[in-house]
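Peer 1: Structural data only, the sequence is not supplied:
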């Protein structure tokens, strides 16, 4: 009998960082089903390219700087899959790989890898390629065109997205059912609102994400859409198009819900959601890009430690906070 | 461990060890009896080579309870050693043999006063198994706090441990007798019992119809939440272990506490059950009595959240060890950076934010006013248990409390 000397407590942990990442991977994989059905295996290859780039960069960085084989958890794969789902399915494979490499090598690993990064790596990667090649990032394939070729140019089957219509002040013409199932041009994993809702419920049930920041973000965005519509239509129609088109819902669940980069106090998370929602709607009104959620998330991420610090100081002064 | 919206609760694995009645183990050939609080030479009453009678007093510490010989025999060695559950302590290695019995302690009068009970608890060397402290000190503390309700605590937070429940099931009448004596020591408090489940409540009501029974919730740490609930209802309650109460009832008849009930369980044990063993019995004797697999990789004594891992199967166990758990697979707690999930704060019964303490202690300069509420930590280690990053958060909260208390932060 060889006995090991371990410190207490001896209660078996229900969750580890790796199991939480596995849950996030599963939720993201759910979003790959509809694009694969609509656009064919190119959607899978896009995701694989971004995930492979992230994994390779993670391993290389670990070997060179930390003498370890990667960060030791599947977070790089989560980043890669998130990046690919935020990009159109018809972009060249290298664009997703470039965004993934930027996310790992610039936005994550130098800060100390999982748990220590200030900015969401996937948001940083997508923001980087958005600034570098907006022509590729905002050119979307038409789901009605069927399966896309695995290699070569997909320019022949592109169509204007509802985000571009809203940006131009025009009302998109999409059937409500198509809006829910994501049958319109847009980022690969961001269009299917129903699947996004299911993924969010799964992550909430598994307690991988907290609801406060997401709820405040969506409420703020809805309020801004109702009060300041970009198109001439009733307030509810504006809210419908602003919330259900573009990457807003996806960013709410997978970028704002990221526990590492969002505040850790409840009050901080609520303010974080309000800040990100306000920034996003302001960027949609005044910005030159049709999708600006990643930029809003990155700016809000910078405020996360400040919001936490303020909440802790208030608690220290005896203010009762949730 | 099960995490739910209302904190987390430990997985109940106690049914197996409760199937059988308590097994009384004969005294092992060699016992290593701890002498808590006997750091001064004059507090140790035995020398190597002394012949000892069963029940003979071995120590007379100033700030702890005395130890008594669990069986007759010869004191082979007096040594200072690290002991599971007790920590570093002086011990007597006793080679058992013979039938000599020491004269009994002075029994309690028929109508004892509070000081009589406290003296009897101190003389009999009784330890409260729930806190690991001498019973007379616990009774003094409860009297000072003005406890209006004394509860025999059969609430088990440990997933495998059932010793308190088994003792209460075996002899509820003796436990109640001990409770009445403890109530006298605490200035006439009401008495009752606290159990974990409705089933145990029903069984106890059948056995002792007049006894007040409180059912603790399932959220961990159940004892802390039970006390909080009673406090909110205007009742200042105190919890005492059933083993200590049985020992107090025995002390009234002049018998010292020399044995304890230990749950031998875990997935590496073939027939889990509760075993009554002499003070200082080696862990191997208990494990072999219940059939242990050769493949076990982790054996720990004491509750899961603050027990001690045993690297030597022959390590002795004190009478208040409560449980001995043998596990086939020891989980390696690989540490990584905090991911900010906030689980530690949600499960803390005292409203501490362990992640924030972790962040504060990581900085070069510790800001004491940001170490919020750390003195109220009850050491339940719920935060450490749920942390997906495997961080030793409860140890960090203890360190923060020590820093704040010492003022060593300038």
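Peer 2: Structure's in. What do you need? Quantities reported herein were computed from a predicted structural model and do not represent experimental measurements.

Peer 1: ok now do residue A:276, which residues does it touch?
Peer 2: A:213, A:217, A:220, A:256, A:296, A:297, A:299, A:300 (CB atoms under 8 Å, 6 or more residues apart in numbering or on different chains). The way it works is simple: take the backbone N, C-alpha and C, and place the C-beta from them, glycine included.

Peer 1: and the stretch 101-250 of chain B, which residues reach chain A?
Peer 2: Residues of the stretch 101-250 of chain B lying near chain A by CB under 8 Å from any CB of the partner chain: residue B:159.

Peer 1: Name the SS class of the residue of the stretch 101-250 of chain B at minimum distance from chain A, please.
Peer 2: As assessed by CB to the nearest CB, chain A sits closest to residue B:159 within the stretch 101-250 of chain B, at 7.1 Å. Put simply, residue B:159 is coil when judged by DSSP: H, G, I helix; E, B strand; the rest coil.

Peer 1: burial measure for it, as a count.
Peer 2: Using other CB atoms under 10 Å in any protein chain shown, residue B:159 has 23 neighbouring residues.

Peer 1: Restricted to helices, list the contacts of residue A:276.
Peer 2: A:213, A:217, A:220, A:296, A:297, A:299, A:300 (DSSP state H).

Peer 1: Most neighbours among those residues, please name it.
Peer 2: residue A:217 (33 neighbours).

Peer 1: helix/strand/coil for the residue nearest to it when sequence neighbours are not counted?
Peer 2: The shortest distance from residue A:217 to any non-neighbouring residue, by CB to CB, 6 or more residues apart in numbering or on different chains, is to residue A:273 (3.8 Å). Three-state assignment for residue A:273 (three-state DSSP): helix.

Peer 1: list the contacts for residue A:273?
Peer 2: The contact partners of residue A:273, taken as CB under 8 Å, 6+ apart, are A:212, A:213, A:214, A:215, A:216, A:217, A:218, A:219, A:220, A:256.

Peer 1: Can you report how many residues lie near the last one?
Peer 2: Look at residue A:256: counted by other CB under 10 Å, it has 30 neighbours.

Peer 1: Check whether it really touches residue A:275, as I assumed.
Peer 2: No - counting by CB atoms under 8 Å, residue A:256 does not reach residue A:275; the two are 10.2 Å apart.

Peer 1: Need the overlap of contacts for the two.
Peer 2: Shared contacts of residue A:256 and residue A:275, defined by CB under 8 Å, 6+ apart, comprise residue A:300.

Peer 1: residues of stretch B:272-291 that come out buried?
Peer 2: Within stretch B:272-291, the residues that count as buried by 16 or more other CB atoms under 10 Å in any protein chain shown are B:272-287, B:289-290.

Peer 1: related to what we said a few turns ago, okay, the ones in helices among the contacts of residue A:276 in a markdown table with pLDDT next?
Peer 2: A markdown table is the format used below for the ones in helices among the contacts of residue A:276 (pLDDT from 0 to 100):
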| residue | pLDDT |
| --- | --- |
| A:213 | 94 |
| A:217 | 96 |
| A:220 | 97 |
| A:296 | 95 |
| A:297 | 95 |
| A:299 | 96 |
| A:300 | 96 |
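
Peer 1: Out of the residues you listed, which is nearest to chain B?
Peer 2: residue A:213 (11.6 Å).

Peer 1: which residues does the closest one contact?
Peer 2: The neighbours of residue A:213, taking CB under 8 Å, 6+ apart as the test, are A:256, A:257, A:262, A:263, A:269, A:270, A:272, A:273, A:276.

Peer 1: gap between the last one and residue A:303?
Peer 2: According to CB to CB, to the nearest Å, residue A:276 stands 9 Å off from residue A:303.

Peer 1: ok, now the first one?
Peer 2: For residue A:256, the distance to residue A:303 under the criterion CB to CB works out to 12 Å.

Peer 1: what's the answer for the third one, then?
Peer 2: Here residue A:262 is placed at a distance of 10 Å from residue A:303 (CB to CB).

Peer 1: These two: which is more packed in?
Peer 2: Neighbours per residue (other CB under 10 Å) separate residue A:262 from residue A:303, with residue A:262 holding more: 28 against 17.

Peer 1: surely that one meets residue A:272?
Peer 2: Yes - when contacts are counted by CB under 8 Å, residue A:262 is listed as touching residue A:272 (5.7 Å).

Peer 1: Between these two, which contacts overlap?
Peer 2: Common neighbours of residue A:262 and residue A:272, counting by CB under 8 Å, 6+ apart, are A:213, A:256, A:304.

Peer 1: so how many other residues sit close to residue B:364?
Peer 2: 4.

Peer 1: ignore the last one, residue B:39
Peer 2: Neighbour tally, residue B:39, other CB under 10 Å: 16.

Peer 1: where's it, which helix or strand?
Peer 2: Per DSSP states H and E: residue B:39 is located in neither a helix nor a strand.

Peer 1: ok, now which ones touch it?
Peer 2: With CB under 8 Å, 6+ apart, residue B:39 has these contacts: residue B:90.

Peer 1: near chain B, which residues of chain A?
Peer 2: Proximity of chain A to chain B, by CB under 8 Å from any CB, involves residues A:1-17, A:19-20, A:72-73, A:112-116, A:207-208, A:210, A:259-260, A:262, A:264-265, A:312-313, A:315-316.

Peer 1: Give me the pLDDT for the residue in the stretch 51-200 of chain A positioned nearest to chain B.
Peer 2: Closest contact between the stretch 51-200 of chain A and chain B, by CB to the nearest CB, is at residue A:115 (2.9 Å). For residue A:115, the pLDDT comes out at 85.

Peer 1: do the same with residue B:152
Peer 2: Note on residue B:152: pLDDT of 94.

Peer 1: Could you identify the helix or strand that succeeds whichever helix or strand it is part of?
Peer 2: Residue B:152 is part of strand B:149-154 when elements are defined by DSSP H and E. Remark: after strand B:149-154, the chain's next helix or strand is helix B:163-170, criterion DSSP H and E.

Peer 1: Pop out the phi and psi values for residue A:134.
Peer 2: With angles defined as degrees, to the nearest 10, residue A:134 sits at phi -60, psi -30.

Peer 1: Skipping its backbone neighbours, what lies nearest it in space?
Peer 2: Spatial nearest neighbour of residue A:134, excluding adjacent residues (CB to CB, 6+ apart): residue A:289 at 6.4 Å.

Peer 1: so where do the helices sit in chain B?
Peer 2: Going by DSSP H, chain B shows helices at B:15-18, B:114-123, B:135-145, B:163-170, B:172-185, B:198-207, B:222-232, B:242-251, B:283-290, B:343-347, B:354-362, B:382-386, B:393-406.

Peer 1: Run through who's touching the fourth one.
Peer 2: Taking CB under 8 Å, 6+ apart as the criterion, the residues outside helix B:163-170 that touch it are B:14, B:17-18, B:21-22, B:129-130, B:152-156, B:175, B:193, B:195-196, B:200, B:203-204, B:241-243, B:246, B:260-263, B:274, B:322-323.
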